[in-house]
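Undergrad: structural data only, the sequence is not supplied:
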């Protein structure tokens, strides 16, 4: 994980070339607005990793279509009844 430095919005605006150079060197810059985190300038490698982080889960989207039939609630109720039966 890269190191992180926080900057106020106005300070970040005036030091943008420095922040970009720091990102290239591996440092994350968190930009705050009224003291709250608002944006970040991150190394390109970190951005690429974040962009690919959920891809595997998204590939599963739609894979359960039809698994529960037309009434998913009824299917879940049936499974619960099966587990709760003595």
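TA: The structure has been received and is ready for your questions. All values reported here derive from a predicted model rather than from experimental measurement.
Undergrad: other SSEs contacting the helix or strand hosting residue 17?
TA: Residue 17 belongs to helix 16-24 when assigned by DSSP states H and E. In this structure, helix 16-24 makes packing contacts with strand 28-33, strand 36-41, judged by 3 or more CB pairs under 8 Å, 6 or more residues apart in numbering; DSSP states H and E. No exception for glycine: its C-beta is placed from N, CA and C like everyone else's.
Undergrad: how about low-confidence regions in the chain?
TA: Across the chain, residues meeting the criterion (pLDDT under 70) sit at 1-2, 54-55.
Undergrad: if we ignore the residues flanking it in sequence, what's nearest the residue most central in space within the chain?
TA: Against the mean C-alpha coordinate of the chain, by CA atoms, centre = their mean, the closest residue is residue 50 at 6.7 Å. With CB to CB, 6 or more residues apart in numbering as the criterion, residue 50 has its nearest non-adjacent residue at 7.9 Å, and that residue is residue 42.
Undergrad: before we move on, back to that, most neighbours per residue, which of the helices and strands packed on helix 16-24?
TA: With neighbours defined as mean count of other CB atoms under 10 Å, the helices and strands packed on helix 16-24 peak in mean count at strand 28-33, which reaches a mean of 17.
Undergrad: which elements pack onto that strand?
TA: Secondary-structure packing of strand 28-33 (3+ CB pairs under 8 Å, 6+ apart): strand 4-8, helix 9-14, helix 16-24, strand 36-41.
Undergrad: what residues of the shortest one count as buried?
TA: For strand 4-8, the neighbour count (16 or more other CB atoms under 10 Å) marks residue 7 as buried.
Undergrad: other SSEs contacting that strand?
TA: Short answer (3+ CB pairs under 8 Å, 6+ apart): strand 4-8 packs on strand 28-33.
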